[in-house]
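[1] have a look at this prediction, sequence included:
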Amino acid sequence: MIDIILTISSVLIFAPWAVKTYMTPWSRTSWSRQLLLSCLTLELIAVLYIPSVMYIGVGLLMVTFCIYLWVERPPLRVTPLFVMALLYLLYYALSLLWYAAPKKGLHFLLDNGLVLVSTSAISCFITLKKEEYVQILQQFCYASCMFVVLGFLSWIISLCELNMSFWNWPILQKEIIHGASSYDWIFRFLGGKEGYTHPSYNLLPIFVSIPIGAWLQKHNISQGILWCFLLFGAIVLTLLSQSRMGIIYSGVVLVCNLIYLLPSKRQKIILATCLCVCGLIAFGLSKNFWITYGSDSTRNLLETYTLRYVREKPFTGAGAGALNPIEVCRTINETYWPGVGYVDVNQNIAYWKPKARMLPHNQWLADWAHAGIFAALITTLLYLSIMLRCIKYKNYWGIIFMIVFSIFSYLEPPLYIGKGFYLFCMMGCLVFALANTYIKKSEVN
C-alpha cells in the first residue's frame, strides 16, 4: 500500500511542467512550436521518471515534431549530431547482413537507432531562443528538486516502516536491508521496491541538473540555492543508496561548479590546484577502501568474456540485436554466464530476451562486441560531436554533462539502457538546437 501511495505521489515530478504549460499564453501563430517545446520539456523530465512514461513521451514528441514540420515548414540545417546519428543507424542496419535473425536486429534499430536519429533531427529544424532554452532547463531543474524531495520522503517512510533509526542506515557498505537493497527503499516511489530503482541511472539526471543550476545562477536567472539544494540532495541520496557511481558524479560536479562560479581565472587556477592536491592526498589515504568498495566480480567477468569475444570477431561483432550470452558463450566456448548460470549454447540466439544480463559495463566495449570496432568508433564520434559543439560555444553545463556521461560510459553501457540513452538524446538535441541559432556567443555563455 505504501509503495502504491508513493508511486502515485511521484507524478509531482511533472508539477513544474504542468504549471508552466497551464500558465503559457498559447499563440494562434506559433502554437505548433509551443506544443513541440512543451513535449520536448516533458520528455526531458520523463527521464527522471518511470521508463514506460519516457517511452510514451518520445512518441508524443515525435507526433508534435511532425505537426511542427507540417505547419511551420522550417528550413533544414544539418548538424554534426544528426550526421553521426544517421551513420550510427546505417551501420547497425548494415550489420544485419551478418546476423541470422534480422527481426531482433530491426527491433534494436527501432528502439535505439531510429530514436537517436529522430531526436537529433529536431535540432536540425528548430532554433531555440534564449528564453525558450532557459525555460526548458529551469523546468528540468525544478523537476529534479521534486525527485530529490520524493527520495527523502521514501527514505523517511521506509525508516518508519522498518522501525529503524536514521543513524543505523548503512552508508557505503552495500548491505541488504530487510531483504532489499538500500536503493530499493530510496527509489521505491518509482513503481515500488520492484520498480525502477537502479541508483546510477536514477541519479545521473540529478547530477546533470546541478551544472545547469550553476549556469542559471551565473547568468542571474536563478538563485544559487537551486543547485546547492540539488547537490546536497544528490550527495545524500548517493550515500543512502550506496551508489558507487554517484560518488564519482559528486566529486566531478562539485569541483567543476566551484571553479566555474569563481570570477577570475587566477582564482579558478588556485582553487583547481588546491582541490587536485587535496583530492589526491585523500584518495591516497583511503585507496584500499575504494578499491575494495569498487570491486565487482560480475563486472570483471563480463568484461573478460567480452574481451575474449571481440578478439574472435573484432570487425563484425554479433550484429545488430544479436549480442547475448548464447552468442558470446558459443563463440568463446563457455557455458556459464554471471547472473544466469548454465547457458545452452545450442539454442537459437533469437530466443534470448533483448538486453537481458548481457552487456559489459563499458559502452565502447559493448559496441565493439555488438557490431565490431567501427561501431565503437561511431559512438566515439557521436560523443565528440556534442563535446566539440559545447566547447565551441562555451556551454558549461553541456561540457560537464559530457564529462560525466563519458566517465559513466566507461563503467556502464548507457546508450543501451533507456534512461541513459534518452537523457543523451535530449541533452544532445538541446545543445545543438541552441547552437544553431543566431544568438551571439556572449549571450549563450
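    Nice, thanks for sending it over. Keep in mind the model is a prediction, meaning the values are calculated, not measured.

[2] name the residues of the helix or strand containing Val117 that are buried.
    Assigning secondary structure by DSSP states H and E places Val117 in helix 114-125. Buried residues in helix 114-125, counting neighbours by 16 or more other C-beta atoms under 10 Å, are found at 115-125. From N, CA and C alone the C-beta is placed, and that goes for glycine too.

[3] which helices and strands sit right next to the top helix by length along the chain?
    Taking DSSP state H as the criterion, the chain has its longest helix at helix 130-162. Using 3 or more C-beta pairs under 8 Å, 6 or more residues apart in numbering; DSSP states H and E as the contact test, the elements touching helix 130-162 are helix 2-9, helix 15-23, helix 31-46, helix 182-186, helix 199-218, helix 224-241, helix 418-435.

[4] same thing but at 6 Å, please
    The elements that helix 130-162 packs onto, with contact taken as 3 or more C-beta pairs under 6 Å, 6 or more residues apart in numbering; DSSP states H and E, are helix 15-23, helix 31-46, helix 182-186, helix 199-218, helix 224-241.

[5] show me what secondary structure element comes after that helix.
    Using DSSP H and E, the helix or strand that directly follows helix 130-162 along the chain is strand 176-177.

[6] tell me the strands beside that following strand, with direction?
    In the sheet, strand 176-177 lines up against strand 180-181 (antiparallel) (DSSP bridges).

[7] look up how far Ser123 lies from the closest residue in space to Thr79 that isn't next to it in sequence.
    Excluding its sequence neighbours, the residue lying closest to Thr79 (C-beta to C-beta, 6 or more residues apart in numbering) is Phe432, at 4.6 Å. Distance from Phe432 to Ser123, counting by C-beta to C-beta, to the nearest Å: 4 Å.

[8] pull up the overlap in contacts between these two.
    Thr79 (C-beta atoms under 6 Å, 6 or more residues apart in numbering).

[9] circling back: just want the angle from the longest helix of the chain to helix 224-241.
    With axes from the mean of the first three to the mean of the last three C-alpha atoms, to 10 degrees as the basis, helix 130-162 and helix 224-241 are set at 40 degrees to each other.

[10] surely the residue nearest to Thr79 and Arg77 touch.
    No. Phe432 lies out of contact with Arg77 (C-beta atoms under 6 Å); the separation is 9.3 Å.

[11] among these two, which residue is more densely surrounded?
    Higher neighbour count among Phe432 and Arg77: Phe432, with 27 against 13, using other C-beta atoms under 10 Å.

[12] is it true that Leu231 touches Ile210?
    Yes. Under the criterion of C-beta under 6 Å, Leu231 makes contact with Ile210 at 5.2 Å.

[13] the two: who's more crowded?
    Ile210 (31 against 23).

[14] and the pLDDT at that one?
    Per-residue confidence (pLDDT) for Ile210: 95.

[15] what sits against it?
    Listed by C-beta under 6 Å, 6+ apart, the contact set of Ile210 reads 227, 230-231, 253.
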